[in-house]
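K.L.:
A predicted structure for the sequence below; I have some questions about it.
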Amino acid sequence: QVKLVESGGGLVQPGGSLRLSCAASGFTFSSAAASWYRQVPGKERELVAGITSAGGSTNYADSVKGRFTISRDNAKNMVYLQMNSLKPEDTAVYYCNAVRVVLVTSSRYTYWGQGTQVTVSS
C-alpha cells in the first residue's frame, strides 16, 4: 500500500522555522521525484519545492527561494522541507508529493500525502 505521511506542521511566529517531514512507503521511493505543495482555502494547490529522485537537482517557487530548503534521504525513504524566516503568507496546508515514471511501460504514478497544517501567526 502506497503511503506518504507528512509531519512537523504547527503554529509558529513570523520569522520562525519549521521542518516538515514526509515518510514514504509502498513503492520505490528512490525512483521518484518528490515535491512539496501547499494550498490555502479558495486557492489552487501550488508547488513550493521539488527535488529529483537522486537529490541532485532542486527547484523552488520564487516566493520561498532563499528561505526554504528541500532535501531527501533515500536510505530512509524520507523527504524534508526546512522552512526558515516564515511569513504569515506561508500559512497553508502543506502536501508531500511523489511522482514515479516507469519508462518501459510509459506509465506515470503520482502519490499524495494527507497534508499538514502550517500556521504562521503572532
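P.N.:
Nice, thanks for sending it over. Residues are numbered from 1 along each chain as shown.

K.L.:
name the SS class of residue 30, please.
P.N.:
Classification of residue 30 by DSSP: H, G, I helix; E, B strand; the rest coil places it in helix.

K.L.:
how far away is it from residue 98?
P.N.:
Distance from residue 30 to residue 98, counting by CB to CB, to the nearest Å: 11 Å. Every residue, glycine included, has its C-beta placed from N, CA and C.

K.L.:
so which of the two has more stuff around it?
P.N.:
The neighbour count for residue 30 versus residue 98, taken as other CB atoms under 10 Å, is higher for residue 98 (24 against 14).

K.L.:
mind checking how far the closest residue to that one other than its chain neighbours is from residue 84?
P.N.:
Counting by CB to CB, 6 or more residues apart in numbering, residue 32 is the residue found nearest to residue 98 once chain neighbours are left out, at 4.2 Å. Separation of residue 32 from residue 84 (CB to CB): 26 Å.

K.L.:
put the alpha carbons of the longest strand along the chain into PDB.
P.N.:
Assignment by DSSP state E gives strand 92-102 as the longest strand of the chain. Only the C-alpha atoms of strand 92-102 are listed here, as PDB (Å, rounded to 0.1, in the frame of the first residue of the first chain):
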ATOM      1  CA  ALA A  92      -1.300  26.800   4.300                       C
ATOM      2  CA  VAL A  93      -1.800  23.000   4.300                       C
ATOM      3  CA  TYR A  94       1.400  21.500   3.000                       C
ATOM      4  CA  TYR A  95       1.300  18.300   0.900                       C
ATOM      5  CA  CYS A  96       4.000  15.900   0.100                       C
ATOM      6  CA  ASN A  97       4.000  14.600  -3.500                       C
ATOM      7  CA  ALA A  98       6.000  11.900  -5.300                       C
ATOM      8  CA  VAL A  99       6.000  11.100  -9.000                       C
ATOM      9  CA  ARG A 100       7.400   7.800 -10.400                       C
ATOM     10  CA  VAL A 101       7.800   7.200 -14.100                       C
ATOM     11  CA  VAL A 102       8.100   3.700 -15.400                       C
END
